[in-house]
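K.L.:
Provided below are the primary sequence and the corresponding predicted coordinates.
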Amino acid sequence: MSPEAGKTDAAVVVRVPAKVNLALCVGPRRADGYHDLATVFQAVSLYDEITALARSDGQITVQMTGEGSEELPCDQTNLACKAALVLREWAGDATRHGVDLRIVKQIPMAGGMAGGSGDAAAVLLACNRLWGVGLPLEVLSELGAELGSDVSFLLYGGNALGLGRGERLTPQPATGRLEWVFATAPRGLPTPLVYRHFDEMADRGAIVPDAELSPDALDDLCSGEAARVAARLRNDLQAPAVELYPQLADTLEAGLAAGALAGLVSGSGPTCAFLAADAASADVVASRMAATAGGVRDVRRAYGPVDGPRIASGRG
Ligand code: C5P
């Protein structure tokens, strides 16, 4: 059968944002290997775009282009593919529903900005529509949590407090607009490795695991006021990420020297996030970093919070 066989012309396009953690407070390792978190997610304006094209022969394929996509397997170990499989299982019709997923990546890969989780969230949303499954967002979010700790948040966007593994969400006010500069790194840092190193540092007393975030800190982080947010930014995975990837210390210093109010490793890294006082100052930070910083792959401007994924266009 030709690769084109079995397709229909139904198509759904979804744009999904990246995330940064304004706070990532990490508790001790749990019996199931995960860590309890208190984290404040913010969706930011770097986007992957997912086009889902219906196939009637039951096949699920993934094609990726853009930012670092050559490093990703396009098979059923890919989180986007897994998302389609999980939804299809829910829909209970394994023979009929198929999809070609075309993913254009702009979110850094293995960069601590949840690009993979975002793609999975977008695929859940797209296939839910494409296949006429009709699940509400809350149920998609439960399915998403099985795929990865950040997938639920990326279905909602805005600002949210995440507890548990990060999947128990409480939406927060999404007022104001924070101006960000992101410095991506030449290589990725796998999330499990960073958590393992966090445990090692805890074992040798270099870190005290503590998944507590005060209500005042949460208020400040969701205030939309750059100075209040800057004073509260916190990432407990930063120390292990920097020990694993010492160059990040130089990148963080370079961002501050370029005029950022504050900088931190984004999630499990290695992307570094810099918060600026306003848009003009963020532009200056971005251009200074682009001109000077060795060890940085790319410098991106973005703002947050932004809305979660939306169906940009759909037929069928
Ligand atoms: O949930 P997700 O697949 O994104 O997590 C990737 C890895 O990160 C997990 O396998 C685990 O090692 C680590 N992790 C953790 N505690 C969390 C979230 C992730 O230990 N709350």
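P.N.:
Yep, that arrived. Numbers count the residues shown, from 1 in each chain.
K.L.:
Show me the helices in this protein, by range?
P.N.:
With helices called from DSSP state H, the chain shows them at 79-91, 115-130, 137-147, 151-156, 191-203, 215-221, 226-232, 238-244, 247-257, 279-292.
K.L.:
Flag every buried residue along the last one.
P.N.:
With burial defined by 16 or more other CB atoms under 10 Å, the residues of helix 279-292 counted as buried are Ser281, Ala282, Val285, Ala286, Arg288, Met289. In this view, the C-beta of every residue, glycine as well, is placed from N, C-alpha and C.
K.L.:
what's the answer for the fifth one, then?
P.N.:
Of the residues in helix 191-203, Thr191, Val194, Tyr195, His197, Phe198, Asp199, Met201, Ala202 count as buried by neighbour count, 16+ other CB under 10 Å.
K.L.:
The ligand next: which of those residues are close?
P.N.:
Counting by CB under 6 Å from any ligand atom, Thr191, Tyr195 from the buried residues of helix 191-203 sit close to the ligand.
K.L.:
Lowest-confidence one in the buried residues of helix 191-203?
P.N.:
Ranked by pLDDT, those bottom out at Thr191, which scores 94.
K.L.:
If I look at Met109, what pLDDT would I see?
P.N.:
With respect to pLDDT, Met109 scores 82.
K.L.:
Is it in contact with Gly115, as I believe?
P.N.:
Yes - Met109 is within contact range of Gly115, at 5.8 Å (criterion: CB atoms under 8 Å).
K.L.:
Need the residues touching each of those two.
P.N.:
Counting by CB atoms under 8 Å, 6 or more residues apart in numbering, the shared contacts of Met109 and Gly115 are Glu67.
K.L.:
okay, those two: which has more neighbours?
P.N.:
Using other CB atoms under 10 Å as the criterion, Met109 and Gly115 rank with Gly115 on top: 29 against 19.
K.L.:
could you list every residue that touches that one?
P.N.:
Counting by CB under 8 Å, 6+ apart, Gly115 touches Ala18, Asp48, Glu67, Lys105, Ile107, Pro108, Met109.
K.L.:
Looking at the helices of the chain, which is nearest to His35?
P.N.:
Evaluated over the helices of the chain, closeness to His35 peaks at helix 191-203, with 6.2 Å, by CB to CB.
K.L.:
Spell out which residues of the stretch 151-300 of the chain are next to the ligand.
P.N.:
Listed as neighbours of the ligand in the stretch 151-300 of the chain under the rule CB under 6 Å from any ligand atom: Arg165, Gly166, Thr191, Pro192, Tyr195.
K.L.:
Counting neighbours, what do you get for the closest residue in space to Arg102 that isn't next to it in sequence?
P.N.:
Spatial nearest neighbour of Arg102, excluding adjacent residues (CB to CB, 6 or more residues apart in numbering): Thr51 at 4.3 Å. For Thr51, the neighbour count with other CB under 10 Å is 19.
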